[in-house]
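[1] Here is my input; please provide its structure:
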Amino acid sequence: MTDLNNHLFLQLEKLLDPDLSDDELKKEIARAGAVSSIAANIIQNANTAIKAMSMFENRQIEADSPDFLRISKGQQNG
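    Next comes the predicted model:
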C-alpha cells in the first residue's frame, strides 16, 4: 500500500506541474484516470484480504474452505 500511495502522490505532482503544455496536461489527466482506476482495484483487493483475515480469526473460515479464502502465514499484500 505504501507503493500505491507513493504512485498516487507522484501522479498528483505531475498534474500540478505548471510547466506542462495543454497537450501534456491532457495526457497526464488521462494517465491519472487510469492510475486511479487501478488504485481503486488494489484498495478493493486489500479490503477483501483484510475481511478474509478477520473472518479467519473469528473462525468464520474453516480449514476446508477453498484455497483462495485461506490466508497463508507470511502472506503480504502490497
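[2] Return the set of buried residues in the top helix by length along the chain.
    The helix that spans the most residues within the chain, counting by DSSP state H, is helix 22-57. If you call a residue buried by 16 or more other Cβ atoms under 10 Å, then helix 22-57 has these buried ones: 28, 35, 52. Using the backbone N, CA and C atoms, a C-beta is placed for each residue, glycine as well.
[3] Dump those into CSV; add distance to Gln44 as well.
    CSV is the format used below for those (distance: Cβ to Cβ, whole Å):
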residue, distance to Gln44
Glu28, 24
Val35, 15
Ala52, 13
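[4] So which of these is the closest to Leu4?
    Distance to Leu4 across the buried residues of helix 22-57 (Cβ to Cβ) is lowest for Val35, with 9.4 Å.
[5] Double-check that closest one against Phe9; I have them as touching.
    No. Here Val35 does not reach Phe9: they are 10.9 Å apart, not a contact under Cβ atoms under 8 Å.
[6] Show me what the worst-scoring helix or strand of the chain on mean pLDDT is packed against.
    The least trusted helix or strand in the chain, going by mean pLDDT, DSSP states H and E, turns out to be helix 22-57, with a mean of 91. If you count contacts as 3 or more Cβ pairs under 8 Å, 6 or more residues apart in numbering; DSSP states H and E, helix 22-57 packs onto helix 2-15.
[7] quick one: average pLDDT of the helix it packs on?
    Confidence for helix 2-15, expressed as mean pLDDT, is 94.
[8] tell me, what residue is most central in this protein?
    Closest residue to the average C-alpha location of the chain: Ile42 at 2.5 Å, with Cα atoms, centre = their mean.
[9] Excluding sequence neighbours, find me the nearest residue to that residue.
    Leu4 (5.6 Å; Cβ to Cβ, 6 or more residues apart in numbering).
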